[in-house]
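Undergrad: sequence-free structure coming up:
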């Protein structure tokens, strides 16, 4: 499948290993970091509802970056597990959904119903992108590619909150997240419909 990634998904290996070991020595587990990331994203959603958008953007970006740290700790300390991967993925989606719901609330409270609808469309798209990856893995396909994955969504939302561009950003996200979901669906469909490569006896 073609790689259409915009932002790298992981830190450089050497730096990630060093950071993971340093954090791991503090007694912090990967699951604790994942949970902290969720709580930080919920705080960011609350700040959006309170119309503290710049603070919300900074908090959201900081706690979302913990998603890079928990994986680094898990690999460096030999704590990686299937349960941890699922736990982290679920909390990541919950955190992003909480922020988008907070943005929808923010627009709705201001009487901007169309923008609130765009926020819900962005929420649907972000969930659909992750769902396409999950369904791909069920049938044995790897699906990390895509135009607008979680890291791109985090970057765009953070910029929109910090630089007072939330209206533009939420429309971009509503479109691009759903385009990415469709892109992944097309990639899955193409892979599954391709004839199997014959093997030599």
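TA: Perfect, thanks for sending it. What you see is a predicted model, and the numbers here were worked out from it, not measured in a lab.

Undergrad: Tell me the confidence at the nearest residue to residue 184 once chain neighbours are set aside?
TA: Among residues not flanking residue 184 along the chain, residue 132 sits closest, at 3.8 Å (Cβ to Cβ, 6 or more residues apart in numbering). Heads up, the C-betas are built off the backbone N, CA and C, glycines and all. On pLDDT, residue 132 comes in at 91.

Undergrad: Run a quick neighbour tally on residue 124.
TA: Residue 124: 15 surrounding residues under other Cβ atoms under 10 Å.

Undergrad: State the distance from it to residue 113.
TA: According to Cβ to Cβ, to the nearest Å, residue 124 stands 17 Å off from residue 113.

Undergrad: May I ask which helix or strand encompasses the residue nearest to residue 184?
TA: Using DSSP states H and E, residue 132 sits in helix 113-138.

Undergrad: Can you work out which other helices and strands pack against the very next helix or strand once past that helix?
TA: Toward the C-terminus, helix 113-138 is succeeded by helix 150-162 as the next helix or strand (DSSP H and E). With contacts taken as 3 or more Cβ pairs under 8 Å, 6 or more residues apart in numbering; DSSP states H and E, helix 150-162 sits against helix 53-76, helix 82-109, helix 113-138, helix 166-193.

Undergrad: so which of those is the most packed in?
TA: Compared across the helices and strands packed on helix 150-162, helix 53-76 shows the largest average neighbour count, a mean of 21 (mean count of other Cβ atoms under 10 Å).

Undergrad: Does residue 91 touch residue 39 like I think?
TA: No: the criterion here is Cβ atoms under 8 Å, and residue 91 misses it with residue 39 at 9.4 Å.

Undergrad: Now do the shared contacts for these two.
TA: The overlap between the contact sets of residue 91 and residue 39 (Cβ atoms under 8 Å, 6 or more residues apart in numbering) is empty.

Undergrad: Let me know how buried residue 143 is, in neighbour terms.
TA: Residues lying near residue 143 (other Cβ under 10 Å) number 20.

Undergrad: Could you do residue 22 as well?
TA: 12.

Undergrad: pLDDT of the host helix or strand of it, averaged?
TA: Here residue 22 sits within helix 13-24, counting by DSSP H and E. Helix 13-24 shows a mean pLDDT of 69.

Undergrad: who's in contact with the very next helix or strand once past that helix?
TA: Moving toward the C-terminus from helix 13-24, the next helix or strand (DSSP H and E) is helix 30-49. The contact list for helix 30-49 (Cβ under 8 Å, 6+ apart) reads 23, 53, 55-57, 59-60, 62-64, 66-67, 69-71, 73-74, 77, 79-80, 84, 87-88, 91-92, 94-96, 98-99, 101-103, 105-106, 109, 161.
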